[in-house]
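S.K.: just to be clear, the model below is a prediction. Sequence and coordinates:
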Amino acid sequence: MKPEFQISLEVKKALHEKRPVVALESTIISHGMPYPDNVKMAKEVEDIIRKEGAVPATIAILNGVIKVGLSEDEIEYLAKAKNVYKVGKRDFGYVISQKKMGATTVSGTSLIANLAGIKVFATGGIGGVHRGAQETFDISRDLEELSELDITVICAGAKSILDLGLTMEYLETKGVEVIGYQTDQLPAFYSRTSGFKVNYRLDQPEEIASLMQAKWGLGLRGGIVVANPIPEAYSMDHHVIDEAIEKALLEANEKGVRGQDVTPFLLSRIKDITGGDSLESNIELVYNNARLAAQIARFYAKGKTSI
C-alpha cells in the first residue's frame, strides 16, 4: 500500500493547467526560525510567490501524510509542533510509517517536488560539504539529490557555515551547474560575496528558464543551482559573520554536536552572537529567493506551454 500523498487543490489545478508552481521547504519553519517569526515568514513567502503570478507549494509531512501545498492552518500547526523530524531521503520511511511530523530539508523537498512534477524550488541556502569533511565525511544529502533530480533550486548560495570551495568542487563532480543571478561570485548566504566564482552568470529570469529547457530537453538529468545574492541592504559584513561562525563551530565541537543537529545549532548560535542581525538577513534572503523563483517558474511554464 502506497503512503498517503496529498497535493492541495490549488497546486493540483496549477500543475494540471501547466501554470507556474514553486516548491518550498518546511525545515525553515520548524527548525530555522522561532515562533511566531516562522509563521509570518512562511505566509509572506507564499504571498510573494502569488504576487509574481505563481502558486506556492510548501511541502511537509503531517502525522505521516506527505503534503504538497499547506493551508494556513497547517502552516500554523507545523510551526507550533514539537518533536518535528528533519526529513531527507533516509527519513521518509520511518516518519511516514510511524505517523510522525516531518519538515522536509532541501533534499527531502526536492524529492517530493520531483514526484509531484514541480521543477522550481525556492529556499534559503543549500547544504554542502561541511568544514572538516576530510575527516568527518559530513556532506549534505542535498548535493546528491541535486545531481539526480531535474529541479532548479534558487538559493542565496550554500550556507556560509560550510566549506564553500569543497562544495563547489563536489557540485562540479556531480555535473550540477551553479548559475550566478546578476553576479559572478558565489554568494555566501548572509553575504553577497565569497571569493569563489560561479560557473556561469545570467542576468534575467527568462535566461534561466531557457537554460532549464535546453538542459532537460537534451535528456541530461540533474538539477541546477541558481545563486541569488542577498539584497545589498541586508548583506552582513563578511568578517563579522565569519567570526560568528568560527565561534559557533568551536562551541558545537565542544558540546559534541553532530549530524543533522549541526546546522540548526550553528544558525541559532550565529543569531545570538550577531544580536539577531543574522535572523533578519535570513528572512530577507528567503523573500528575495521566492520572488526570483516565481519569475523563473513563470517563464519556464510559458516555454513549456508553447512547445
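M.R.: Thanks, I have it.
S.K.: in a helix, Asp91, correct?
M.R.: Yes. Assignment of Asp91 by DSSP: H, G, I helix; E, B strand; the rest coil places it within a helix.
S.K.: quick one: Phe299 is in a helix?
M.R.: Yes. The assignment for Phe299, made by three-state DSSP, places it in a helix.
S.K.: is it true that it touches Glu206?
M.R.: Yes. Assessed by CB atoms under 8 Å, Phe299 is found in contact with Glu206 at 4.4 Å. All C-beta spots, glycine's among them, are computed from the backbone N, C-alpha and C.
S.K.: so between these two, which is more surrounded?
M.R.: Comparing Phe299 with Glu206 by other CB atoms under 10 Å, the one with more neighbours is Phe299, at 20 against 15.
S.K.: which one is the more buried one nearest to, not counting chain neighbours?
M.R.: Spatially, and ignoring its direct neighbours in sequence, Phe299 is nearest to Ala209 (3.7 Å; CB to CB, 6 or more residues apart in numbering).
S.K.: helix or strand: which one has the one you found?
M.R.: helix 205-217 (DSSP states H and E).
S.K.: now that helix: average pLDDT?
M.R.: When pLDDT is averaged over helix 205-217, the result is 98.
S.K.: buried sites along that helix?
M.R.: Neighbour counts using 16 or more other CB atoms under 10 Å place 205, 207-209, 211-212, 215-216 of helix 205-217 among the buried residues.
S.K.: just checking, next helix/strand downstream of the helix or strand harbouring Leu171?
M.R.: Assigned by DSSP H and E, Leu171 belongs to helix 164-173. Counting by DSSP H and E, the next helix or strand C-terminal to helix 164-173 is strand 177-181.
S.K.: return the list of helices and strands in contact with that next one.
M.R.: strand 200-202, helix 205-217, strand 224-227 (3 or more CB pairs under 8 Å, 6 or more residues apart in numbering; DSSP states H and E).
S.K.: could you rerun that using 10 Å?
M.R.: strand 152-155, helix 164-173, strand 200-202, helix 205-217, strand 224-227, helix 277-306 (3 or more CB pairs under 10 Å, 6 or more residues apart in numbering; DSSP states H and E).
S.K.: among these, which is nearest Gly124?
M.R.: Nearest to Gly124, of all these, is helix 277-306, at 5.0 Å by CB to CB.
S.K.: sort out which residues of that closest one are buried, please.
M.R.: 277-279, 281-301.
S.K.: just the CA trace of the helix holding Leu171, in CSV.
M.R.: Once non-C-alpha atoms are left out, helix 164-173 reads as follows in CSV (Å, rounded to 0.1, in the frame of the first residue of the first chain):
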residue,chain,number,x,y,z
LEU,A,164,32.2,26.7,0.1
GLY,A,165,35.3,25.7,-2.0
LEU,A,166,34.7,22.0,-1.5
THR,A,167,31.0,22.4,-2.0
MET,A,168,31.7,23.9,-5.5
GLU,A,169,34.1,21.1,-6.3
TYR,A,170,31.6,18.5,-5.3
LEU,A,171,28.8,20.1,-7.4
GLU,A,172,31.2,20.2,-10.4
THR,A,173,32.0,16.5,-10.0
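S.K.: those helices in the chain, which residues are they?
M.R.: Along the chain, counting by DSSP state H, helices occupy 9-16, 27, 37-51, 72-80, 92-97, 106-116, 133-136, 142-148, 164-173, 205-217, 238-255, 262-273, 277-306.
S.K.: any weak-confidence spans in the stretch 201-307 of the chain?
M.R.: 260, 276-277, 304-307 (pLDDT under 70).
S.K.: ok, what's across the strand from Ala57?
M.R.: Ala57 has these beta-bridge partners by DSSP bridges: Ala23.
S.K.: how about the contacts made by it?
M.R.: Applying CB atoms under 10 Å, 6 or more residues apart in numbering to Ala57 gives the contacts 7-8, 10-12, 14-15, 21-24, 46, 49, 67-70, 109, 112-113, 116, 118, 120-121.
S.K.: again, but for Ser194
M.R.: Contacts of Ser194 by CB under 10 Å, 6+ apart are 157-158, 160, 164-165, 168, 185-188, 227, 229, 238.
S.K.: now tabulate those residues in JSON lines and tack on neighbour count and distance to Ala244.
M.R.: Formatted as JSON lines, the contacts of Ser194 follow (neighbours: other CB atoms under 10 Å; distance: CB to CB, whole Å):
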{"residue": "Gly157", "neighbour count": "35", "distance to Ala244": "17"}
{"residue": "Ala158", "neighbour count": "31", "distance to Ala244": "17"}
{"residue": "Ser160", "neighbour count": "23", "distance to Ala244": "10"}
{"residue": "Leu164", "neighbour count": "22", "distance to Ala244": "16"}
{"residue": "Gly165", "neighbour count": "14", "distance to Ala244": "20"}
{"residue": "Met168", "neighbour count": "23", "distance to Ala244": "22"}
{"residue": "Gln185", "neighbour count": "18", "distance to Ala244": "21"}
{"residue": "Leu186", "neighbour count": "26", "distance to Ala244": "19"}
{"residue": "Pro187", "neighbour count": "27", "distance to Ala244": "17"}
{"residue": "Ala188", "neighbour count": "29", "distance to Ala244": "13"}
{"residue": "Ala227", "neighbour count": "27", "distance to Ala244": "21"}
{"residue": "Pro229", "neighbour count": "23", "distance to Ala244": "19"}
{"residue": "His238", "neighbour count": "16", "distance to Ala244": "11"}
